[in-house]
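K.L.:
Quick check, what structure comes out for this input:
(4 chains)
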Number of protein chains: 2
Amino acid sequence: MDEDEVGTVDVPEATVARLPQYLRALAELAEAGLRTVSSEALAEAVGVGSAKLRKDLSHLGSYGTRGVGYDVNGLHRQIADRLGQTTPWNVVIVGIGNLGHALAGYGGFATRGFRVVGLFDDGPHVVGELVNGLRVRPLADLGTVVRPGEPTIGVLAVPAEHAQGVCDRLVAAGVTSVLNFAPTVLRVPADVDVRKVDLASELQILAFHAQRRAVRAALRTPLPNPSVPVSDRVGEVV
Amino acid sequence: MDEDEVGTVDVPEATVARLPQYLRALAELAEAGLRTVSSEALAEAVGVGSAKLRKDLSHLGSYGTRGVGYDVNGLHRQIADRLGQTTPWNVVIVGIGNLGHALAGYGGFATRGFRVVGLFDDGPHVVGELVNGLRVRPLADLGTVVRPGEPTIGVLAVPAEHAQGVCDRLVAAGVTSVLNFAPTVLRVPADVDVRKVDLASELQILAFHAQRRAVRAALRTPLPNPSVPVSDRVGEVV
DNA sequence: TAGATTGTTAATCGATTAACAATC
DNA sequence: TAGATTGTTAATCGATTAACAATC
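P.N.:
Residues are numbered from 1 along each chain as shown, chains lettered A, B, ... in the order given. So this is what the prediction gives:
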């Protein structure tokens, strides 16, 4: 691979999504004192195939040695670098309800290179509250925390009906990366990156698979309950 | 498409992951009084292309009318049916810390067909606590809540180091669908379905993209700060 | 040198997209 | 009938996988 500027050569999206998993596994291996790891062993730790792992790493330019494996610390540094984790990223959380509260206190952010620097909410009962050492501020203060210089990630934990409005204010304040927990589609300018976590959706996908397994099991063992025909058990529409 | 048993014909995974979004959009349209919707309009509401939407729906057998569009209520019922949402699914949450607490109180589950029926934790300070109307129980009680008859989804909100052990107990109790919030790979039998939500990972992916945008912007406008060469700004490894 | 393991090639699979014939 | 819109086809794109030559 060319000796190119970091971040210029395209890394496939599917690979990007796995980099955090590799990074975490490498951190654990380093913790355990391992100096070197084979693609086979690292892949096993992450739960993917070794061919996929090697292909993924090849997109980074990679630092393996044939016949030996990868240097655990070297590869860790390489991936951390690609994820922009040499310096911590600032994170602001908007919407300090149930979920926002939990996110504000989530230890996993700090240990993986993120620093929660602001909590925002416009609810009169919430503003001024102290959460995990940070005072909740009104949204009007967004501009004082989000600084044009240092990139800031905005986390949206507001109800669906407020999500677009709050997102617009984040974008106006200069936020170009948004993690959206509200079950709504956000409209943003082309230079803003939005990722979505939809908790109920995850359960619905599990439910789909569970139902499919159940129906298939029922078809393999026809009519275990003779009084209920298989086709009535799921309720066909129309 | 064949008039086949619900759940027998294979629906592609990418399509399954979008069904919850379609369902939610249809619910909003029905709420707004719409009787009929075109693929163009529904796709716009969900933020996908109309060709993709029509292809997705074609996997369900679909209920559109050429020249007219889709019947909002009919399609809603059809998708709800496929997601197994004719009756609510039981959900147990294990690990009532920061995140588990928030999930126990998350309103979005109930409105989308899920019923939280059990909260579990072995922490002496947590057991017995009343959270959102449910008493937190010790893990030993899992068997009394997870009943072989009705399928139950297990939500794992414990620290990474306990995740595998707790997961094993969920599986032993008969849970075959698991939503894992711990940043660990879970080993489960082949008949158990695991989905993972890794909050820090989501931020890391956003950070990767943000860094890539920043590097590219810097390369387009070479050396805006003449004292710092571009290649030093990101810190090449080795 | 012999054994191990990477990085890459090529085949395969699945998902997306545009275009349009079918049909209301 | 004319206009609208679906459902499907075929082309394209991206991701996965297995196999192996390169090389430590």
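K.L.:
Could you use CA atoms for every contact and neighbour count after this?
P.N.:
OK.
K.L.:
So which residues on chain A come close to DNA strand C?
P.N.:
Residues of chain A found near DNA strand C (C-alpha under 7 Å from any atom of the strand) are A:1, A:37-40, A:51, A:54-55, A:57-58, A:61-70.
K.L.:
how close does residue A:108 get to residue A:32?
P.N.:
Noted for residue A:108: a distance of 20 Å to residue A:32, by C-alpha to C-alpha, to the nearest Å.
K.L.:
And residue A:40, how close does it get to residue B:188?
P.N.:
For residue A:40, the distance to residue B:188 - C-alpha to C-alpha - is 20 Å.
K.L.:
do residue A:79 as well
P.N.:
From residue A:79 to residue B:188 the distance is 28 Å (C-alpha to C-alpha).
K.L.:
residue boundaries of the strands in chain A?
P.N.:
Assigned by DSSP state E, chain A shows strands spanning A:36-37, A:64-65, A:69-71, A:89-94, A:114-120, A:130-131, A:134-137, A:152-156, A:177-180, A:193-196.
K.L.:
CSV for the ones you listed, including mean pLDDT, mean neighbour count and distance to chain B?
P.N.:
Shown next, in CSV, are those (pLDDT from 0 to 100; neighbours: other C-alpha atoms under 10 Å in any protein chain shown; distance: least, C-alpha to the nearest C-alpha, whole Å):
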stretch, mean pLDDT, mean neighbour count, distance to chain B
strand A:36-37, 98, 20, 17
strand A:64-65, 96, 16, 14
strand A:69-71, 98, 19, 13
strand A:89-94, 98, 24, 8
strand A:114-120, 97, 22, 8
strand A:130-131, 96, 14, 12
strand A:134-137, 98, 18, 16
strand A:152-156, 98, 27, 8
strand A:177-180, 98, 24, 6
strand A:193-196, 98, 17, 7
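K.L.:
Between those, which one is closest to residue B:216.
P.N.:
Checking the strands of chain A against residue B:216 by C-alpha to C-alpha gives strand A:193-196 as the closest, at 15.0 Å.
K.L.:
Next, the residues that contact that closest one from outside, please.
P.N.:
For strand A:193-196, the external contacting residues (C-alpha atoms under 8 Å, 6 or more residues apart in numbering or on different chains) are A:176-182, A:186, B:202, B:206, B:209-210.
K.L.:
Neighbour count: residue A:108 and residue A:32, which is higher?
P.N.:
Set residue A:108 next to residue A:32 and count neighbours by other C-alpha atoms under 10 Å in any protein chain shown: residue A:108 wins out with 18 against 9.
K.L.:
Was I right to think that one contacts residue B:202?
P.N.:
No: with contact defined as C-alpha atoms under 8 Å, residue A:108 does not reach residue B:202; the gap is 11.6 Å.
K.L.:
so what's residue A:108 up against?
P.N.:
Taking C-alpha under 8 Å, 6+ apart, one finds B:199-200 in contact with residue A:108.
K.L.:
Give me the neighbour count for residue A:100.
P.N.:
Neighbours around residue A:100, by other C-alpha under 10 Å: 24.
K.L.:
Pretty sure it sits against residue A:157.
P.N.:
Yes: if you go by C-alpha under 8 Å, residue A:100 and residue A:157 touch, sitting 5.4 Å apart.
K.L.:
Between these two, which contacts overlap?
P.N.:
Counting by C-alpha under 8 Å, 6+ apart, the residues touching both residue A:100 and residue A:157 are A:93-94.
K.L.:
how about the longest helix along chain A: buried residues?
P.N.:
Scanning chain A for the longest helix, with DSSP state H as the assignment, gives helix A:199-220. Under the neighbour-count criterion of 16 or more other C-alpha atoms under 10 Å in any protein chain shown, helix A:199-220 has A:199-213, A:215-216, A:218 buried.
K.L.:
other SSEs contacting it?
P.N.:
helix B:13-31, helix B:107-110, strand B:152-156, strand B:177-180, strand B:193-196 (3 or more C-alpha pairs under 8 Å, 6 or more residues apart in numbering or on different chains; DSSP states H and E).
K.L.:
Need these in CSV (columns: distance to residue A:152).
P.N.:
Output for those, formatted as CSV (distance: least, C-alpha to C-alpha, whole Å):
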stretch, distance to residue A:152
helix B:13-31, 28
helix B:107-110, 27
strand B:152-156, 29
strand B:177-180, 27
strand B:193-196, 25
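K.L.:
Which of these sits closest to DNA strand D?
P.N.:
Across the helices and strands packed on helix A:199-220, DNA strand D has its closest neighbour in helix B:13-31 (11.3 Å, C-alpha to the nearest atom of the strand).
K.L.:
close to DNA strand D, is that closest one?
P.N.:
No: judged by C-alpha under 7 Å from any atom of the strand, helix B:13-31 makes no contact with DNA strand D; its nearest approach is 11.3 Å.
K.L.:
From the rest of the structure, what touches that helix?
P.N.:
Outside helix B:13-31, the residues that reach it (C-alpha under 8 Å, 6+ apart) are A:201, A:204-205, A:208, B:42, B:45-46, B:56, B:72-73, B:75-76, B:79-80, B:83.
K.L.:
again, but for stretch A:112-128
P.N.:
Contacts of stretch A:112-128 (C-alpha under 8 Å, 6+ apart): A:85, A:87-96, A:104, A:109-110, A:134-139, A:142, A:145, B:200.
K.L.:
want to throw the strands of chain A into a markdown table with distance to residue B:166?
P.N.:
A markdown table is the format used below for the strands of chain A (distance: least, C-alpha to C-alpha, whole Å):
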| stretch | distance to residue B:166 |
| --- | --- |
| strand A:36-37 | 28 |
| strand A:64-65 | 36 |
| strand A:69-71 | 32 |
| strand A:89-94 | 30 |
| strand A:114-120 | 28 |
| strand A:130-131 | 29 |
| strand A:134-137 | 32 |
| strand A:152-156 | 29 |
| strand A:177-180 | 28 |
| strand A:193-196 | 27 |
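K.L.:
For residue A:191, list the residues it contacts.
P.N.:
residue A:176.
K.L.:
Now do it against residue B:35, distance only.
P.N.:
36 Å.
K.L.:
next one: residue A:177
P.N.:
Residue A:177 is 37 Å from residue B:35, where distance means C-alpha to C-alpha.
K.L.:
Point to the helix or strand of chain A where mean pLDDT is at its lowest.
P.N.:
Ranking every helix and strand in chain A by mean pLDDT, DSSP states H and E puts helix A:230-233 at the bottom, with a mean of 42.
K.L.:
okay, now the domains of chain A?
P.N.:
A:13-82, A:89-197, A:200-233 (automatic domain parsing).
K.L.:
weakest of the ones you listed by average pLDDT?
P.N.:
When the domains of chain A are compared on average pLDDT, domain A:200-233 comes out lowest at a mean of 75.
K.L.:
who has more neighbours, residue A:79 and residue B:188?
P.N.:
residue A:79 (20 against 15).
K.L.:
Tell me who's in contact with that one.
P.N.:
A:19, A:23.
K.L.:
right, and residue A:152 touches residue A:173 too?
P.N.:
No: contact criterion C-alpha under 8 Å: residue A:152 and residue A:173 do not qualify, at 10.0 Å.
K.L.:
what touches both of those two?
P.N.:
Common neighbours of residue A:152 and residue A:173, using C-alpha under 8 Å, 6+ apart, are residue A:146.
K.L.:
related to what we said a few turns ago, take the strands of chain A and lay them out in TSV including distance to DNA strand D.
P.N.:
Conversion of the strands of chain A to TSV gives the following (distance: least, C-alpha to the nearest atom of the strand, whole Å):
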stretch	distance to DNA strand D
strand A:36-37	13
strand A:64-65	5
strand A:69-71	9
strand A:89-94	25
strand A:114-120	25
strand A:130-131	38
strand A:134-137	38
strand A:152-156	23
strand A:177-180	20
strand A:193-196	15
